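K.L.:
I'll drop the sequence and a predicted model, then ask my questions.
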Amino acid sequence: MKRLILITLLLQTTWSQEDTTSVSSLNEPVDSVGVDSLDQSSALIADTQQAAVLDPSIPLTLDVGYKGFLWGSPSNMGIVTNFAQIDLDDSLSLNKSYVGKLGPDSAMVHYFFADSGFWKVEIDFYIETHRVEKHIQDFLRHEKNISEVYGPPSKINHKESGVSSSYSNLLDQKFSNAFYRSTWKANPAVIELYLNSSVLMPKTELSIFSGNYSVLKLVYYNPDYMHSSKPAPEPEVLPSIFEIY
């Protein structure tokens with residue numbers, strides 16, 4: 001009988017130790033190395049976000065650059081932007097391209113570099129492909145917004161030609177065209193707003209020519225940094241009129 005009681009006490013003691021070990025295992029961190037790595041990653045993200053903040057001492061005006069990126073900056077300098085960068089196929093290209101939303105519009109933003117550094121930013125707006133009237137409305141909307149800041153354009157060129165939207169000869173499709181261009185002086189920078197709209201009429205799913213022929217661009221550039229080490233092409237020597245007649 002005493003032997004049975006002793007065996008029972010030994011079994012109870014063993015079970016208590018196993019339960020304590022199991023509870024202790026559950027209370028320990030599952031992977032302390034993983035938690036440390038996560039903390040380090042969070043710190044790196046915080047550091048990156050902090051480094052991406054614009055320098056408050058740089059004015060966001062065109063006389064010094066575009067949105068805080070200074071004219072003349074080298075191509076290897078980081079650009080602070082909330083747009084997503086596009087990987088270019090040409091590894092030798094010094095230009096940088098980004099895509100995102102610019103106000104209500106989807107756009108691609110291209111930064112161009114010359115020997116003297118950053119000299120131009122070119123913005124390509126996404127536009128619909130089948131309505132010249134909508135293209136013109138978008139141009140005039142941008143023109144109005146820019147004019148509210150920099151005054152009326154110093155140069156304006158507006159032209160429209162081609163057929164109207166009521167044209168309906170499916171076997172003789174023609175282009176309806178609109179060319180709009182406005183220029184502002186924002187010394188030392190220049191602003192160019194450019195529309196070349198070309199839409200095949202009548203609108204049909206079976207177009208003779210496929211593709212989008214319309215372009216809407218906004219360009220900011222600084223002529224003081226338009227320097228290239230490549231020699232300019234030699235002017236073509238034209239024959240004398242007496243050699244022809």
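P.N.:
Good, I have the coordinates.

K.L.:
burial count for the spatially closest residue to residue 86 that is not a sequence neighbour?
P.N.:
Once flanking residues are discounted, residue 86 sits nearest to residue 97: 4.3 Å by CB to CB, 6 or more residues apart in numbering. Yep, even glycine has a C-beta here, placed from its N, CA and C like the rest. Look at residue 97: counted by other CB atoms under 10 Å, it has 18 neighbours.

K.L.:
What lies in contact with the helix or strand in which residue 97 is found?
P.N.:
In this assignment (DSSP states H and E), residue 97 forms part of strand 96-102. For strand 96-102, contacts defined as CB atoms under 8 Å, 6 or more residues apart in numbering pick out 75, 79, 81-86, 88, 106-111, 123, 125.

K.L.:
Next, check the residues you listed against the strands and list the overlap.
P.N.:
84, 85, 86, 106, 107, 108, 109, 110, 111, 123, 125 (DSSP state E).

K.L.:
Now which of the residues you listed would you call buried?
P.N.:
107, 108, 109, 110, 111, 123, 125 (16 or more other CB atoms under 10 Å).

K.L.:
Spatially, which two of these are the most separated?
P.N.:
Across those, the longest distance by CB to CB is 16.5 Å; it joins 111 and 125.

K.L.:
Neighbours of residue 71, how many?
P.N.:
Count around residue 71 with other CB under 10 Å applied: 21.

K.L.:
for residue 134, same thing?
P.N.:
15.

K.L.:
And for the one 5 residues further on?
P.N.:
For residue 139, the tally of surrounding residues (other CB under 10 Å) stands at 23.

K.L.:
So what sits opposite the closest residue to it other than its chain neighbours in the bridge?
P.N.:
Nearest residue to residue 139 in three dimensions, chain neighbours excluded: residue 195, at 4.3 Å (CB to CB, 6+ apart). Assessed by DSSP bridges, residue 195 has beta-bridge partners residue 180, residue 216.
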